[in-house]
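> Below: sequence and its predicted model.
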Protein chains: 2
Amino acid sequence: MAKLRVGPFSISLDGFGAGPDQSREQPLGRGGEALHEWFVPTRTFRRVHGESGGTTGTDDEMSARGFENIGAWIMGRNMFGPVRGDWGDESWRGWWGDTPPFHVPVFVLTHHPRAPLQMKGGTVFHFVTGGIAAALNHARAAAAGRDVGVGGGVSTIRQYLLARLIDEMHLAIPPVLLGRGESLFAGIDLPALGYRVMKQVAGEAATHVLIARA
Amino acid sequence: MAKLRVGPFSISLDGFGAGPDQSREQPLGRGGEALHEWFVPTRTFRRVHGESGGTTGTDDEMSARGFENIGAWIMGRNMFGPVRGDWGDESWRGWWGDTPPFHVPVFVLTHHPRAPLQMKGGTVFHFVTGGIAAALNHARAAAAGRDVGVGGGVSTIRQYLLARLIDEMHLAIPPVLLGRGESLFAGIDLPALGYRVMKQVAGEAATHVLIARA
């Protein structure tokens, strides 16, 4: 059966998936860019952004797995647009440029209905107002038997974890402390929800942890 | 100048240094033993416990660093005895057997005065009722120019971190989720306190992270 997967999702050593004070100018919060520095140079990052070259090795191989066999993505509204809600006017077309790195349908959780938005390279943003279960139903249908990926952010992943709907989660942990921000783990008892660590792999610039429901 | 150092101190991926429900029967809390499984087979663990043999490699080398040049240890009262306070009768001689693995003076933070306790192998437990600064003064004097180690547990380390007294902290992170327990990071903004990650090293069974004040 098709799976619901997370990752690679980057968190700091102290468990934050984004820094504090997220804004239009600073979508990942203060210090949050450092979470992704391990990923940006990889061949996989460059490939999904339509560029050639990039580093190979464990970080790249682990990243590539995250995009394999994904037929649709789900993301929270902050991964599509600024926190302040100023994309309600429909001129906002996402953080991701004209050719987003998804290349499949993407279901954005929001409280604001909006017509689908066709981008270059195969990405279509669909806006889902019915909550996480509705988004999952839409995404599974769109994925047509392939897996569905939850891209983030933290609060979206936490909602799916708490509902025990995530089958596999790949966390990438670079050597970064953020101190404050959005905590992935706070108040979530993953073992009690049935999750176990299946594997821990050292990459060149991040530690990769594979978590799954046992 | 002599340093105040932590580690190797083991935490789970979700940031807990001990599991929930600590008791006399379960001093590390539920699931807490799993935090130390990477360490027990090493040559260093066996050596400080007076045994020969053991695994070599990165986990062992990183562990050995933690015991080098340490002239005295500081620990919280729960690392000496059961939480319930039932060592007030002075028959309790610590969790650590007749020959504890410290081999130098150990200063135990407590509210209950008690005469020093001489163990085999060089360990002397001293009971300090004056708080973390007093314990550090005593330990620095006893260490006579060598470094002082803070052994734990979580709440003791947190007190010293919040006072910006820790110079270096070595965390060992095995592939373990605990879900609940004593969180090392919760509510502590390490970057704001001046701490940075200096190095991240993959061991055979744990990831080692070196944190220091910049």
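Nice, thanks for sending it over.
> phi, psi of the closest residue to A:Asp98 other than its chain neighbours?
Sequence neighbours aside, A:Lys120 is the residue nearest to A:Asp98 in space, at 5.1 Å (criterion: C-beta to C-beta, 6 or more residues apart in numbering or on different chains). Where you see a C-beta, it was placed from the backbone N, CA and C, and this is true even at glycine. Dihedral pair for A:Lys120: phi -80, psi 150, per degrees, to the nearest 10.
> what does A:Met75 give?
phi -140, psi 160.
> from memory it sits against A:Gly151, does it?
Yes. Using C-beta atoms under 8 Å, A:Met75 makes contact with A:Gly151 at a distance of 4.3 Å.
> which residues do these two both contact?
Jointly contacting A:Met75 and A:Gly151 under the rule C-beta atoms under 8 Å, 6 or more residues apart in numbering or on different chains are A:Val106.
> Return the distance of the residue nearest to A:Asp98 relative to chain B.
Distance, A:Lys120 to chain B, using C-beta to the nearest C-beta, to the nearest Å: 37 Å.
> Hmm, A:Pro101 and that residue touching each other?
No. A:Lys120 sits out of contact with A:Pro101 when judged by C-beta under 8 Å, with a separation of 11.3 Å.
> Neighbour count for the two, which is higher?
Higher neighbour count among A:Lys120 and A:Pro101: A:Pro101, with 18 against 11, using other C-beta atoms under 10 Å in any protein chain shown.
> In three-state terms, how would the residue positioned nearest the centre of chain A be classified?
Against the mean C-alpha coordinate of chain A, by C-alpha atoms, centre = their mean, the closest residue is A:Gly151 at 1.9 Å. Following DSSP: H, G, I helix; E, B strand; the rest coil, A:Gly151 is assigned to strand.
> quick one: A:Arg158 and A:Leu184 touch, right?
Yes. If you go by C-beta under 8 Å, A:Arg158 and A:Leu184 touch, sitting 6.9 Å apart.
> Report the mean confidence score over stretch A:121-134.
Mean per-residue pLDDT for stretch A:121-134: 96.
> Run the chain-centre distance for that stretch.
14 Å (C-alpha atoms, centre = their mean, to the nearest Å).
> Show residues contacting that stretch.
With C-beta under 8 Å, 6+ apart, stretch A:121-134 has contacts from A:50, A:74, A:80, A:94, A:96, A:99-119, A:135, A:138, A:142, A:156, A:159-160, A:163, A:165.
> can you pull the buried residues of it?
A:Gly121, A:Thr123, A:Val124, A:Phe125, A:His126, A:Phe127, A:Val128, A:Ile132 (16 or more other C-beta atoms under 10 Å in any protein chain shown).
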